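Peer 1: Mind looking at a prediction? Sequence and model below.
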Amino acid sequence: MPHCQNDEILRKSFMRKGKRIPASCIHRVSPYPEKYSNFQTTVLKRMTQRLRGLSKGKRGNTKKCPSGKILRKAYVRYSKRGKRSLVKGACITKKGNPKRITTKGIGPLRKGVLTQYGYINIMNLSLKERRDALEQAIKQLGSLSVWKKLNALYVYTKNTNPVLSAKYNEDRNWIRVNFGLKAL
């Protein structure tokens with residue numbers, strides 16, 4: 001098992017065309033110490049652990065939904081004070097693109113990464129305030145990471161809030177034009 005430098009992460013070995021490619025260190029393009037896939041599995045594991053101890057009957061899951069509706073799975077949410085409450089599964093209005101059915105999306109996002117630079121409540125921020133916040137984030141995280149975060153926000157809000165999505169798209173395009181897409 002190779003030992004990686006600070007700016008590298010370990011890529012596991014894998015098979016390609018019947019040949020084993022050994023584990024090696026690769027250049028890290030994210031400002032985070034772990035790979036995104038590791039973050040994604042820990043978030044999903046934490047979400048499923050929250051439902052432990054609740055029978056499927058208590059979760060409120062339904063088997064079929066009428067047309068125009070989609071099943072929202074049950075989940076447990078925590079208040080700021082730490083109180084645990086169950087949000088039951090239910091049929092909700094479908095807002096996604098009807099032509100495209102995907103099993104895997106972008107995945108969970110790290111919360112509050114851009115808010116620490118002032119990129120919060122952007123509907124009320126001026127263009128200059130938004131760009132100043134993004135410039136600070138780019139200095140710390142790199143233009144590629146910030147662009148990916150804005151792209152994910154743009155994709156997730158495209159159908160539910162087109163006005164907000166347009167602002168994310170505008171900021172995302174501004175980053176590509178002015179900074180290029182470079183990792184740290």
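Peer 2: On my side now, so go ahead.
Peer 1: Tell me the secondary structure at the residue nearest the centre of the chain.
Peer 2: Nearest to the mean C-alpha position of the chain, by C-alpha atoms, centre = their mean, lies Leu109 at 2.5 Å. Taking DSSP: H, G, I helix; E, B strand; the rest coil as the rule, one finds Leu109 in the coil state.
Peer 1: That one - nearest residue in space that isn't next to it in sequence?
Peer 2: Nearest in space to Leu109, with sequence neighbours left out and distances taken as C-beta to C-beta, 6 or more residues apart in numbering, is Ala152 at 5.8 Å. From N, CA and C alone the C-beta is placed, and that goes for glycine too.
Peer 1: any idea whether the closest residue to Lys94 other than its chain neighbours is helix, strand or coil?
Peer 2: Distances taken as C-beta to C-beta, 6+ apart place Ile70 nearest to Lys94, at 4.5 Å, with adjacent residues excluded. Recorded secondary structure, Ile70: strand (three-state DSSP).
Peer 1: pretty sure Asn173 belongs to a helix, no?
Peer 2: Yes - per three-state DSSP, Asn173 lies within a helix segment.
Peer 1: So, low pLDDT: which residues of the protein?
Peer 2: 1, 56, 60-62, 96-104, 184 (pLDDT under 70).
Peer 1: Residue ranges of each domain in it, please.
Peer 2: Domain assignment for the chain, taken from automatic domain parsing, gives 50-93, 115-179.
Peer 1: Tell me how far Arg16 lies from Pro22.
Peer 2: 11 Å (C-beta to C-beta, to the nearest Å).
Peer 1: Neighbour count for those two, which is higher?
Peer 2: Pro22 (10 against 7; other C-beta atoms under 10 Å).
Peer 1: show me what contacts the residue nearest to Lys94?
Peer 2: Ile70 makes contacts with Cys91, Ile92, Thr93, Lys94, Gly96, as judged by C-beta atoms under 8 Å, 6 or more residues apart in numbering.
Peer 1: Ok, Lys95 next?
Peer 2: Asn159, Thr160.
Peer 1: A strand includes Lys45, no?
Peer 2: No - assessed with three-state DSSP, Lys45 is helix; it does not lie in a strand.
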